[in-house]
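>>> Need a 3D model of the following:
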Amino acid sequence: MKYIVDYALEKGFKIVLFPPIEKEGVEFPSNVIVIKTGVSYRVRSIFLVRTSDVLVVLGGASGTIQEITSAYCENKAIFVLVDTGFPSDKISCLG
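Next up is the predicted model:
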C-alpha cells in the first residue's frame, strides 16, 4: 500500500486514507488526507468501498475479498490483478 500511495502522490493524485484503528498511530505523508475513523480493518473496508468509484485489487486475502464482495454489492467497477500469489487471485471474473 505504501508503494501505491507514494507512486500516486508522485503522479499528482490526491490521496485519502482510512487507516484501521490498529494503524492510526502510523505517520503518513503530510500531503495525504487521513481520516481516522476508529474502526477495525473489516469496517474500514466498507468505508473504503462506499466512498470509491472503482476498486482496484492488487492482491490480498480475506479483507481484500470482503472489499471485492462489498464493491460488487454496491455495483462498483472492480479490477483484479491476478497471479500475485495471494488468495484474491482466485477471483478473476465476477460474472
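>>> confidence score at the nearest residue in space to Pro29 that is not next to it in sequence?
Among residues not flanking Pro29 along the chain, Leu9 sits closest, at 6.3 Å (CB to CB, 6 or more residues apart in numbering). C-beta coordinates here come from the backbone N, C-alpha and C atoms, glycine included. Leu9 is assigned 96 on the pLDDT scale.
>>> ok, now Ser30?
Per-residue pLDDT puts Ser30 at 92.
>>> For the helix ranked longest in the chain, list every residue counted as buried.
Across the chain, the longest stretch assigned as helix under DSSP state H is helix 62-73. The neighbour-count check on helix 62-73 (16 or more other CB atoms under 10 Å) flags 63-68, 70-71 as buried.
>>> what's the answer for stretch 12-29, then?
Across stretch 12-29, burial judged by 16+ other CB under 10 Å covers 17-20.
>>> Dump those residues to a markdown table, plus pLDDT.
Output for the buried residues of stretch 12-29, formatted as a markdown table (pLDDT from 0 to 100):
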| residue | pLDDT |
| --- | --- |
| Leu17 | 91 |
| Phe18 | 89 |
| Pro19 | 92 |
| Pro20 | 92 |
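>>> Return the backbone torsion pair for the most centrally placed residue in the chain.
Residue closest to the mean C-alpha point of the chain, counted by CA atoms, centre = their mean, is Leu48 at 6.2 Å. Main-chain dihedrals, Leu48, degrees, to the nearest 10: phi -60, psi -50.
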